[in-house]
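Colleague: Sequence first, then the predicted structure:
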Amino acid sequence: MGVLNVTPDSFSDGGKYNTTFRALDHVKSMIDFGAHIIDVGGESTRPGAKSVSEQDEITRISETIQLIKKKHPNQLVSLDTRKSKVMQHGLSIGVDLLNDVSALDFDQQSYQVVKDSGKPIILNHSQGIPENMQNNPTYDNVLLDIFDYFENKIKFLKNNGIKDEQIIIDPGIGFGKTLEHNLEIISKISLFHSLGYPIMVGPSRKSFIGKIMGEKDNPQRLGGTIASVLYSYLQGIQLFRVHDIQETSEALKVYSEFLKK
């Protein structure tokens, strides 16, 4: 899954692709290098980010999504949003799946949108909201707490008409987690297979990598991102949300060849 932030303030590439021409050029590049899904987001959810209005978010994403679907009609497009009205609009212009960093907790109307659409939904675990999620996040046991959260969330969704085949889970690297929490999640991410649903992981350029590497700038976190992806892949994870499609695809291709021997 290739990240496309059409925002002025995302933590890694804010403002870089907030014109349609630049966004489409980047989309073509990601597709050429093997992106199976393009994840379009119109609101930054970096730590400390402020919420934007539904209309601003819709304005940011609309033209880009429509042109992606026009120029690349077979390309899967995901919409990264917490808001039901933005979800509805995205679905009306061809979005194939939804990605909610709040796991449908931010907007209670989003449950109905997901149910009615029948589209897949990526449920991202987060402790708190972007404005405060990194203010001393604490857990009794980060793995078991997240596992229990998903168990309860999935039960609720199924009781409210959302189908098994729609559900994808994401333990939420960097969303209300310390360095140690993130390391614990990735090192034992195979635990979540027992929930019985596809798992996505999104370590790309996250701050925990910068802390390990000495707080380098976001684009310099590529090595740490690839290490996180490969360690997750070794544990059976097959969906990765990343900024650097070419390098990640190449690393996975070579690594897969080793595993065949």
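Modeller: Thanks, I have the structure now. Numbers count the residues shown, from 1 in each chain.
Colleague: so what's residue 133 scoring on pLDDT?
Modeller: Per-residue confidence (pLDDT) for residue 133: 66.
Colleague: actually residue 8, sorry about that
Modeller: Listed pLDDT for residue 8 reads 74.
Colleague: what does residue 33 give?
Modeller: So residue 33 comes in at 97 (pLDDT).
Colleague: From residue 162, how far out is it?
Modeller: 33 Å (CB to CB, to the nearest Å). For every residue, glycine as well, the C-beta is placed using N, CA and C.
Colleague: so how many other residues sit close to residue 160?
Modeller: Number of residues near residue 160 (other CB atoms under 10 Å) recorded here: 12.
Colleague: Quick check, pLDDT for it.
Modeller: At residue 160, pLDDT is 95.
Colleague: follow-up on the earlier one: tell me which of residue 33 and residue 162 has more neighbours.
Modeller: When neighbours are counted by other CB under 10 Å, residue 33 and residue 162 differ, and residue 162 comes out ahead with 21 against 15.
Colleague: Spell out the secondary structure type for that one.
Modeller: coil (DSSP: H, G, I helix; E, B strand; the rest coil).
Colleague: which ones are touching it?
Modeller: Residue 162 is in contact with 111, 114, 115, 121, counting by CB atoms under 8 Å, 6 or more residues apart in numbering.
Colleague: Mind checking which of those are in strands?
Modeller: Among these, the ones falling in strands (DSSP state E) are residue 121.
Colleague: Which single one of the contacts of residue 162 is nearest to residue 71?
Modeller: Residue 71 lies nearest to residue 121 out of the contacts of residue 162, by CB to CB, at 25.7 Å.
Colleague: Show me the shaky parts of the stretch 151-261 of the chain.
Modeller: 216-219 (pLDDT under 70).
Colleague: quick one, helices of it?
Modeller: 179-187, 207-213, 222-234, 245-259 (DSSP state H, counting those that start in this stretch).
Colleague: Pipe the ones you listed into a markdown table and attach distance to residue 102 and mean neighbour count per row.
Modeller: Output for the helices of the stretch 151-261 of the chain, formatted as a markdown table (distance: least, CB to CB, whole Å; neighbours: other CB atoms under 10 Å):
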| stretch | distance to residue 102 | mean neighbour count |
| --- | --- | --- |
| helix 179-187 | 18 | 18 |
| helix 207-213 | 19 | 18 |
| helix 222-234 | 22 | 19 |
| helix 245-259 | 26 | 14 |
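Colleague: and residue 20, which of those is closest to it?
Modeller: Nearest of the helices of the stretch 151-261 of the chain (CB to CB): helix 245-259, 19.6 Å.
Colleague: Please find the angle between the direction vectors of the closest one and helix 222-234.
Modeller: 40 degrees (axes from the mean of the first three to the mean of the last three CA atoms, to 10 degrees).
Colleague: elements contacting helix 245-259?
Modeller: Counting by 3 or more CB pairs under 8 Å, 6 or more residues apart in numbering; DSSP states H and E, the packing neighbours recorded for helix 245-259 are helix 20-32, helix 222-234.
Colleague: Those into JSON lines, with extra columns for distance to residue 244?
Modeller: As requested, the helices and strands packed on helix 245-259 are exported to JSON lines (distance: least, CB to CB, whole Å):
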{"stretch": "helix 20-32", "distance to residue 244": "9"}
{"stretch": "helix 222-234", "distance to residue 244": "6"}
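Colleague: Which one of those lies nearest to residue 65?
Modeller: helix 20-32 (9.7 Å).
Colleague: Report the next helix or strand after that closest one in sequence order.
Modeller: For helix 20-32, the following helix or strand on the C-terminal side (DSSP states H and E) is strand 37-41.
Colleague: Flag every buried residue along that following strand.
Modeller: 37, 38, 39, 40, 41 (16 or more other CB atoms under 10 Å).
Colleague: and it, what's its mean pLDDT?
Modeller: Rounded mean pLDDT across strand 37-41 is 97.
Colleague: Residues touching it, excluding its own?
Modeller: Residues external to strand 37-41 that are found in contact with it (CB under 8 Å, 6+ apart): 1-7, 10, 27, 30-31, 61, 64-65, 68, 75-81, 95-97, 99, 241.
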